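>>> predicted structure and sequence below. I'll ask about it afterward.
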Amino acid sequence: MRVSPATTSHSTSTLFTVVSSGCQVGSMPAVVQTQTVALNRLSELFKRLGSTGAKILSVTPVGEDLHPVATAASAPSPEAKPVTQTPTPKTKAHADVPVNTYKPKNPFIGTVTDNYSLLKDGAIGRVQHITFDLSDADPELNYLEGQSIGIIPEGEDAKGKPHKMRLYSIASTRHGDDMGDNTVSLCVRQLEYKNEAGEQIYGVCSTYLCDLEPGTKVKITGPVGKEMLLPDDEDANIIMLATGTGIAPMRTYIRRMFENRERETNGWTFRGKAWLFMGAPKTANLLYDEDFNSYQEKYPDNFRYTKAISREQQNTKGGRMYIQDRVLEHADEIFSMIENPKTYIYLCGLRGMEPGIDEAMTAAAAAKGMDWSEMRPQLKKAHRWNVETY
Ligand SMILES: Cc1cc2nc3c(=O)[nH]c(=O)nc-3n(C[C@H](O)[C@H](O)[C@H](O)COP(=O)(O)OP(=O)(O)OC[C@H]3O[C@@H](n4cnc5c(N)ncnc54)[C@H](O)[C@@H]3O)c2cc1C
């Protein structure tokens, strides 16, 4: 429970927001209740909550809470009064998230500053880290961790029409990789597959991006997306499940949490637990691996990094080790974390990863006497289950 130290310096009429959770499904705290009471009614409320078995999660003076559900001016009376009966909302106020500053009809023309491979020798395929200069953008192209931008590739499609925009998850924090506040980076895999006739096909936009030379001008739209935003709560726990380029949003969260220059300047000090599950076919395909290893070494109490390398590791049944096998392996710890309403889960990568994760969560929940099909919509409603697959 977080109790603001400020409680001792307030008058008896000062209002406090008390957040508590009750058990609804199995042992999952599905309902979070927020109540506003005067200081002289706090102990009465604590007793009442205690007698119902509710767990007190935080006590914050109204006005000091990041997003108070009632303000001193709007609270009708200092009586203990339920204000909401909804699951914990994400603390980010979505209204101030930049969206669609640049649309496909009027894109921003950015300049490529960097384009390098993220893969090691022996890796499968091609994945590039690509950075664009945004300094000439007017209006500014601001974005937040978890958002995406659109890229319009040069050229025309088979019908002679200009190519359509494709979305890419942003891989840099809002400050950019160089902390200059005027770049955006992407992590792009070149799409390649064989068609029915056995011909090798390369994706239009991903190939365009992977081949870009520094100095090239590129049409950029966005930013878009509110699904994958991080909560503002510095004490939140963040479980991240990523495969391939699904690591892009996770990299932004993890840099925001643990990268030295970010911590020094971003005014946000992460104190929760972040746990990254990363799936890749080979060690050589792990993206940003050294960075994550070094954050884990430096912040062992706050960052955990679990890899599933399908072609090199075996699951308990002797098959290939996929990310869902790691989820099953750590089911107990994951579900203990989920019982805490401050825990948020993010899933990103190819759409094909979803059924496997769902199966693993179903089995893991069942092992704890819970029903994942009931839990998932509740978590989603509370913005605690966030998925972006493509
Ligand atoms: C929100 C969001 C975020 C994304 N983030 C990223 C990211 O961070 N990094 C990234 O690399 N990509 C990302 N993508 C995917 C990206 O938008 C493009 O879809 C991807 O790069 C392919 O585009 P393309 O132009 O290269 O392929 P296209 O030339 O458009 O070809 C794609 C088409 O090829 C066909 N196709 C694809 N695979 C096969 C197959 N195996 N067999 C037969 N046909 C096939 C399908 O018809 C498909 O629609 C994201 C997508 C979304 C929606």
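In hand now; what should we look at?

>>> neighbours around whichever residue of the stretch 101-250 of the chain sits closest to the ligand, how many?
Going by Cβ to the nearest ligand atom, the ligand is nearest to G203 of the stretch 101-250 of the chain, at 2.1 Å. (Glycine included, C-beta is placed from N, CA and C.) Residue crowding around G203 was assessed by other Cβ atoms under 10 Å; the count is 17.

>>> do the same with the one 3 residues further on
Other residues lying near S206 total 22 when counted by other Cβ under 10 Å.

>>> and the stretch 51-200 of the chain, which residues reach the ligand?
By Cβ under 6 Å from any ligand atom, the residues of the stretch 51-200 of the chain that approach the ligand are 148, 166-169, 187-189, 191, 193.

>>> buried subset of the residues you listed?
148, 166-169, 187-189, 191 (16 or more other Cβ atoms under 10 Å).

>>> my read: M165 touches G150, true?
Yes. Between M165 and G150 there is a contact under Cβ atoms under 8 Å: 4.0 Å.

>>> who touches both of the two?
104, 107, 221 (Cβ atoms under 8 Å, 6 or more residues apart in numbering).

>>> so which of those residues wins on neighbours?
In these, the most neighbours by other Cβ under 10 Å go to T221, 23 neighbours.

>>> the residue lying closest to it once chain neighbours are set aside in helix, strand or coil?
Counting by Cβ to Cβ, 6 or more residues apart in numbering, G150 is the residue found nearest to T221 once chain neighbours are left out, at 3.5 Å. Three-state assignment for G150 (DSSP: H, G, I helix; E, B strand; the rest coil): strand.

>>> please enumerate the helices of the stretch 101-250 of the chain.
204-210, 247-258 (DSSP state H, counting those that start in this stretch).

>>> what helices and strands are in contact with the strand ranked longest in the chain?
Ranked by residue count under DSSP state E, the longest strand found in the chain is strand 108-117. Applying 3 or more Cβ pairs under 8 Å, 6 or more residues apart in numbering; DSSP states H and E, one finds that strand 108-117 contacts strand 127-133, strand 183-189, strand 217-224.

>>> now the longest one against strand 183-189, angle please.
Per axes from the mean of the first three to the mean of the last three Cα atoms, to 10 degrees, the angle that strand 217-224 makes with strand 183-189 is 90 degrees.

>>> what about the strands in the stretch 151-300 of the chain?
With DSSP state E, counting those that start in this stretch as the criterion, the stretch 151-300 of the chain has strands at 166-169, 183-189, 192-194, 200-202, 217-224, 237-243, 274-280.

>>> and the first one, what does it pack onto?
Using 3+ Cβ pairs under 8 Å, 6+ apart as the contact criterion, the neighbours of strand 166-169 among helices and strands are strand 148-152, strand 183-189, helix 204-210, helix 247-258.

>>> quick one: strands adjacent to that strand?
Strand pairing for strand 166-169, using DSSP bridges, gives strand 148-152 (antiparallel).

>>> model confidence over the partner strand, on average?
Strand 148-152 carries an average pLDDT of 98.

>>> re earlier: would CSV of the helices and strands packed on strand 108-117 with mean pLDDT be doable?
Output for those, formatted as CSV (pLDDT from 0 to 100):
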stretch, mean pLDDT
strand 127-133, 98
strand 183-189, 98
strand 217-224, 98
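
>>> any idea which of those is most buried?
Looking across the helices and strands packed on strand 108-117 with neighbours counted as mean count of other Cβ atoms under 10 Å, the highest average goes to strand 183-189: a mean of 24.

>>> helices or strands up against it?
strand 108-117, strand 127-133, strand 148-152, strand 166-169, helix 204-210, helix 247-258.

>>> what angle separates that strand from strand 108-117?
Going by the same axes, to 10 degrees, strand 183-189 makes 50 degrees with strand 108-117.

>>> what sits up against strand 183-189?
110, 113-114, 118, 125-135, 141, 143, 149, 151, 168-172, 176-177, 206, 209-210, 220, 244-245, 247-248, 251, 287.

>>> restricting the selection to alpha carbons, write that strand to PDB.
C-alpha atoms of strand 183-189 as PDB (Å, rounded to 0.1, in the frame of the first residue of the first chain):
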ATOM      1  CA  THR A 183      14.200  12.100 -34.200                       C
ATOM      2  CA  VAL A 184      12.200   9.000 -34.400                       C
ATOM      3  CA  SER A 185      13.500   5.400 -34.800                       C
ATOM      4  CA  LEU A 186      11.900   2.200 -36.200                       C
ATOM      5  CA  CYS A 187      12.800  -1.400 -36.100                       C
ATOM      6  CA  VAL A 188      11.800  -3.000 -39.400                       C
ATOM      7  CA  ARG A 189      11.900  -6.500 -40.700                       C
END
